[in-house]
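**Student:** The sequence and its predicted three-dimensional model are supplied below.
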Amino acid sequence: MAVTQRRGRRIMMTPGELDEFLTTQRTCRVATVSADGAPHVSTLWFAWDGKSLWLYSITRSKRWADLRRDPRVAVVVDTGEEYDELRGVELSGTVEFIGEAPRTGEPHPELDSVEPLFARKNFNLPEMPHDGRHAWLRLTPTATTSWDFRKLAAG
C-alpha cells in the first residue's frame, strides 16, 4: 500500500505530472544502507513504466551488495537550479531483483517492455546492450513524495 503525501500538498505533483516527470527525467540518486548502518548514495539512470522505477545496476557495486543484504531503498529524482524551479520526487520501498545477475539477455517476460524503454531513453538504441556487468532492480514504491515549486509562483 502506497503512503499518501500529507505535507506540501500545495506543491505536490498530480499523478499525471508525476508520470510525465519520471518518464522524461534520466538520472536518479539511490540511497541504501551499508553493512555498518551508514547511508550510501549513488547515481543511476532509470526508466519509469508508469508504476515501477527500473534501475540497471552494476552487480559488483556497493549499492548492489547493500541491496542484497537489505533491499530497502529511497530514490530521489529532481531538477531545477533556482528556488522557484525546483521539482522532484522521492520514491521509497523495497527493491526486487529481476532476471539473471549479471544480465546476459536471456528471455524474461518482466523485462520485455522495460529493456527497450530503458535502451531508447538512455542509449538511443532499440534494444538493450548487455555487458555482463549489470542487472535489474525494480522499485514499486510504497511511499512517494513530490514537489514542484513552480506552483508557488502560479498560486
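**Tutor:** Happy to help now that I have it. Note that the structure is a prediction, hence the values are computed from the model and not measured. Numbers count the residues shown, from 1 in each chain.
**Student:** hey, let's count contacts and neighbours off CA atoms from now on
**Tutor:** Will do.
**Student:** Relative to Ala119, how far out is the spatially most central residue of the chain?
**Tutor:** Closest residue to the average C-alpha location of the chain: Leu53 at 4.2 Å, with CA atoms, centre = their mean. According to CA to CA, to the nearest Å, Leu53 and Ala119 sit 14 Å apart.
**Student:** Please apply the same query to Gly80.
**Tutor:** According to CA to CA, Gly80 and Ala119 sit 25 Å apart.
**Student:** More neighbours: those two, which one.
**Tutor:** Counted by other CA atoms under 10 Å, Gly80 and Ala119 do not tie: Ala119 has more neighbours, with 16 against 13.
**Student:** In contact with the more buried one, which residues?
**Tutor:** Leu125, Pro126, Glu127, Met128, Pro129 (CA atoms under 8 Å, 6 or more residues apart in numbering).
**Student:** neighbours of Gly37, just the number please.
**Tutor:** 9.
**Student:** ok, the helix or strand Ala47 falls within: who's next to it in the sheet?
**Tutor:** Element membership for Ala47, per DSSP states H and E: strand 39-48. Next to strand 39-48 in the sheet, as set by DSSP bridges, lie strand 27-33 (antiparallel), strand 53-58 (antiparallel).
**Student:** Which residues outside the shortest one are in contact with it?
**Tutor:** Surrounding strand 53-58, the residues in contact under the criterion CA under 8 Å, 6+ apart are 44-48, 63-64, 102, 114, 133-141.
**Student:** What remains of those if I keep only buried residues?
**Tutor:** Those of the contacts of strand 53-58 that meet the buried threshold are 45-48, 63-64, 102, 114, 134-141, by 16 or more other CA atoms under 10 Å.
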